[in-house]
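J.: I'll drop the sequence and a predicted model, then ask my questions.
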Amino acid sequence: AQSVTQPDIHITVSEGASLELRCNYSYGATPYLFWYVQSPGQGLQLLLKYFSGDTLVQGIKGFEAEFKRSQSSFNLRKPSVHWSDAAEYFCAVAPSQGGSQGNLIFGKGTKLSVKP
Amino acid sequence: DSGVTQTPKHLITATGQRVTLRCSPRSGDLSVYWYQQSLDQGLQFLIQYYNGEERAKGNILERFSAQQFPDLHSELNLSSLELGDSALYFCASSVDWTGGTDTQYFGPGTRLTVL
């Protein structure tokens, strides 16, 4: 069965510092990969997605993610974090084979705190 | 604003009761997905409808049911509620049914508290 692991439950970074949130997936082939962000009291907003092609994907709000097949990873990065980036971040996969219905499988999330 | 609306925002009820959560998808989207977010289980897929028909089922309890109406809005019915059903329930919508390559847009959620 497919699964997603986000090893870090909570990360604190200083404003202006770089950020990397880790995501590992388990799937027989290359799945479709997503990062969503959830601000307090809000729904989930899509930051970026990977289907195929260039393994470095650019998203909104200055985020990017790199797909590494050999490591089954899809880590999210941002070169300089802003206080408004404090939120919870979710990595998700959707199966790419087998007549997928497309439901997303989410990791447990990483809560990001930003120090001034 | 994703364009997906959910009502009500908050719902407080007692064990054994039944509630209905409502979702209106983005204009033009035919697929609706329901997810449950709880502290212990995280975000879990419950069920998907496409153009009025059930497409996929996830970890949805038998006490829960859903439907999608001709105007494409969807309702999630939760019955015989238990304390453990307290959670945030999200609706998402997408244009197509495949979901994998089709972006899902999430509503703000309905927070259900069962006392």
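T.: All right, it came through fine.
J.: report the residue spans of the chain with pLDDT below the cut-off.
T.: No chain was given, so I picked chain A. Scanning chain A with the threshold set as pLDDT under 70 gives A:96-102.
J.: meant chain B actually
T.: Applying pLDDT under 70 to chain B flags the ranges B:98-101.
J.: what residues does it have near chain A?
T.: Taking CB under 8 Å from any CB of the partner chain as the contact definition, chain B meets chain A at B:2, B:4, B:31, B:33, B:35, B:42-45, B:48, B:55-56, B:58, B:90, B:92, B:94, B:97-109. In short, each C-beta sits where N, CA and C put it, glycine included.
J.: narrow those to those that are buried.
T.: B:2, B:4, B:31, B:33, B:35, B:42-45, B:48, B:55-56, B:58, B:90, B:92, B:94, B:97-100, B:102, B:104-109 (16 or more other CB atoms under 10 Å in any protein chain shown).
J.: sorry, back to before: just the residues of chain B next to chain A: which are in helices?
T.: In helices, judged by DSSP state H, none of the residues of chain B next to chain A are found.
J.: please flag which of those sit within strands.
T.: Among those, the residues falling in strands (DSSP state E) are B:31, B:33, B:35, B:42-45, B:48, B:55-56, B:90, B:92, B:94, B:105-106.
J.: list the contacts of residue A:72.
T.: A:24, A:25, A:26, A:27 (CB atoms under 8 Å, 6 or more residues apart in numbering or on different chains).
J.: just those: which are in strands?
T.: Reading strands off the contacts of residue A:72 with DSSP E, I get A:24, A:25, A:26.
J.: ok, which of those also contact chain B?
T.: By CB under 8 Å from any CB, no member of the ones in strands among the contacts of residue A:72 lies near chain B.
J.: quick check, nearest of the residues you listed to chain B?
T.: Top of the list for closeness to chain B, among the ones in strands among the contacts of residue A:72 and by CB to the nearest CB, is residue A:25 at 13.3 Å.
J.: tally of neighbours for that closest one?
T.: Residue A:25 has 20 neighbours, counted by other CB atoms under 10 Å in any protein chain shown.
J.: doesn't residue A:2 make contact with it?
T.: Yes. Using CB atoms under 8 Å, residue A:25 is in contact with residue A:2, at 7.0 Å.
J.: shared neighbours of those two, which are they?
T.: Common contacts of residue A:25 and residue A:2 (CB under 8 Å, 6+ apart): A:31, A:93.
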